[in-house]
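[1] Fold the following.
(one chain, ligands or ions: 2)
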Amino acid sequence: MDKIIDKAFEAQNNAYAPYSKYKVGACVETYDGRFYIGANIENASYGLTCCAERNAIFAAYSDGCRKENIKSIAIVTSGDVPASPCGACRQVLSELIPKKAEIILSNGKEVLVTDIESLLPMSFGADDIK
Ligand SMILES: O=c1ccn([C@H]2C[C@H](O)[C@@H](CO)O2)c(=O)[nH]1
Ligand SMILES: [Zn+2]
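    Ligands and ions are numbered 1, 2, ... in the order given. Here you go, the predicted model:
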């Protein structure tokens, strides 16, 4: 678990967060040993900001990875407590990562491991619009 967390902290250095000054890094690990990083990228039109974890999972998918190959995602910050993904990211992750995938949250001092069903119970998804 150290490697994915280290890579997420490396990604945190790439955050573009001139407005909030709150830098977040993320890293997706696949079962075949690939790692995809993301950082939060803000915009003067605040609502266009994209979170670190969405950028990381989109990077994985953009490289051809799909749900069954996603093993875990780490999300890191430097706050007093590990940050938990925002609602938009929970919705996106609920479609793009498996239920069993580990969601690892760390602030460098504490590590929490959870999963998407814990973070977003009774989620809305593709089955609901059949
Ligand atoms: O899980 C989270 C929570 C927040 N942010 C970003 C969005 C924004 O740039 C900044 C403050 O909300 O942190 C993330 O990247 N991931
Ligand atoms: Zn988010």
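[2] Which neighbouring elements make contact with the helix or strand containing residue 6?
    Using DSSP states H and E, residue 6 sits in helix 2-12. When contacts are defined as 3 or more C-beta pairs under 8 Å, 6 or more residues apart in numbering; DSSP states H and E, helix 2-12 sits against strand 25-30, strand 35-39, helix 52-62, strand 70-76, strand 102-106. For every residue, glycine as well, the C-beta is placed using N, CA and C.
[3] closest to ligand 1 out of the ones you listed?
    Among these, the nearest to ligand 1 by C-beta to the nearest ligand atom is helix 52-62 (3.9 Å).
[4] does ligand 2 sit close to the closest one?
    No: Helix 52-62 does not reach ligand 2 (C-beta under 5 Å from the ion); its nearest approach is 6.0 Å.
[5] Excluding chain neighbours, give the residue nearest to the spatially most central residue of the chain in space.
    Centroid-nearest residue in the chain: residue 53, 2.5 Å away (criterion: C-alpha atoms, centre = their mean). With C-beta to C-beta, 6 or more residues apart in numbering as the criterion, residue 53 has its nearest non-adjacent residue at 4.3 Å, and that residue is residue 26.
[6] Check the burial of that neighbour by counting its neighbours.
    Residues lying near residue 26 (other C-beta atoms under 10 Å) number 31.
[7] Spell out which helix or strand contains residue 112, please.
    Under DSSP H and E, the secondary-structure element containing residue 112 is strand 111-114.
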